[in-house]
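[1] When you get a sec, could you give me coordinates for this:
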Amino acid sequence: MKTRKWLGGYVRTGKKGPTYVIERHLDGVRYHVSTKCRTERAALDALAMFEADPANYRPMRKTAATKPRGVVAITAALITEYTDWMVQRPYNPTSAAHAEKHFARLREWLVFYRGRDIRQVPLSEVAAHLDGKRDLMMRIQALRSFAAWLRTVKYLITRSEDITLDLKAPPRRATKDWKQVAVEPERIRAILPHLPVESRDVMVFRLGTGWHGSEVERFAKAGRIYETPGKSILLMTETGAERVPLLAVLRVKHKVGGDTNTPIIYEEHLAAAKRIQARGRVPNQLTLNRHTTKACELAGVERFLNWHLRHSVVSNAIEAGADLEHASVFVGHLNVDTTRRHYAQIALPKKAVPVLRVVEGKKA
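    Predicted coordinates for the structure are as follows:
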């Protein structure tokens, strides 16, 4: 029975659960074939194989493909294939920079395993190797993701043979008082006149959006500005709700799939967004931090860096009375618990998100 659609066709549900079916019309030919996949991720891989050669596509039979043959060892060729797949996969493709980090960590695992079958190396030996190492989260994530790829895409190992499933990541660090890295509005306003124009636009833009530096970079290259004349939005303040004009909504593709959408209610933030888009680029993080450090020296204020800005937007908004849930949505946290975990030690949230103005004057 058809239950819902997916990118390649529809999902059929039976006694054994969902099955993803490809249904396409290509060059006058109707294709209707089961992927024999139970999950959308596996089905998307099957769809990519189908689109590469529709006439000769045959669903992969897991029973034959998963039968282990010979030694399954980490090799340079497999690492390269895996990181290429990360960037090109049809669902949630990762960035080249993130794939490069995995590549570097997997080269370390290549040295550790030394050609041994990864199914035969005991978990205790892997844990002992990690003991005392720095950057444990990334090391474990790289190995677990690589093993999952061997298991679900290459079918070289089975779930029962994947010892990385029992490899536990280190516990989260204790909640940090993020107020310590939030920058006071006075310090930010003091350095703006001392920044080069491009760096100043980036700082003003981030103060109005709370975006990550990488989101600003993607926005400069391929973001969108949707101006909204005549529209308004409800702004919660300490004195209550106030309806203000909505100038625009800024949109940029998130690095793992969906879109980031941010409302703009102040002219200076919209003007900075337009200038950034007109240039089509922004200074890199190293340059921005160098400019910020120099501007702090010239203004005679305590030094801060650009990565402090996102924390500052949220911290200052919450201290000004913003509601925690509104702040969470504004900066794009997937779960309000993320916002609560990082900003719980700041003043109790009561109202919504008043972002920092960098020029005097009334609301737009």
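[2] So for Val71, what's the nearest residue that isn't a sequence neighbour?
    Nearest residue to Val71, sequence neighbours excluded (CB to CB, 6 or more residues apart in numbering): Asp117, at 4.6 Å. Where you see a C-beta, it was placed from the backbone N, CA and C, and this is true even at glycine.
[3] So the one you found belongs to a strand, correct?
    No: Asp117 is assigned coil when assessed by DSSP: H, G, I helix; E, B strand; the rest coil, not a strand.
[4] Regarding it, what are the backbone dihedral angles?
    Main-chain torsions, Asp117, degrees, to the nearest 10: phi -70, psi 120.
[5] try Ile79
    phi -60, psi -40.
[6] what residues are up against it?
    By CB atoms under 8 Å, 6 or more residues apart in numbering, the residues touching Ile79 are Phe103, Leu106, Arg107, Leu110, Phe146.
[7] How about residues contacting stretch 31-45?
    6-9, 12, 17-25, 46-47, 50, 54, 57, 59-62, 89-91, 152-153.
[8] cutoff 6 Å now
    By CB atoms under 6 Å, 6 or more residues apart in numbering, the list of residues contacting stretch 31-45 from outside reads Gly17, Thr19, Tyr20, Val21, Ile22, Glu23, Arg24, Ala46, Pro54, Pro59, Pro90, Tyr91.
[9] Go through that stretch and flag the buried ones.
    Val33, Thr35, Lys36, Cys37, Glu40, Ala42, Ala43, Leu44, Asp45 (16 or more other CB atoms under 10 Å).
[10] Just the endpoints, please. Distance across that stretch?
    One end of stretch 31-45 sits 17 Å from the other (CA to CA, to the nearest Å).
[11] Narrow the buried residues of stretch 31-45 to those in helices?
    Glu40, Ala42, Ala43, Leu44, Asp45 (DSSP state H).
[12] From those, pick the one nearest Leu192.
    Closest to Leu192 out of those is Leu44 (45.7 Å), distances taken as CB to CB.
[13] how much space between the closest one and Arg58?
    Remark: distance between Leu44 and Arg58 (CB to CB, to the nearest Å) = 17 Å.
[14] Can you classify the residue lying closest to Met138 once chain neighbours are set aside by secondary structure?
    Spatial nearest neighbour of Met138, chain neighbours left out: Arg105 (5.9 Å); criterion: CB to CB, 6+ apart. Judged by three-state DSSP, the three-state class of Arg105 is helix.
[15] Hmm, Arg139 and Arg105 touching each other?
    Yes: with contact defined as CB atoms under 6 Å, Arg105 reaches Arg139; the gap is 5.4 Å.
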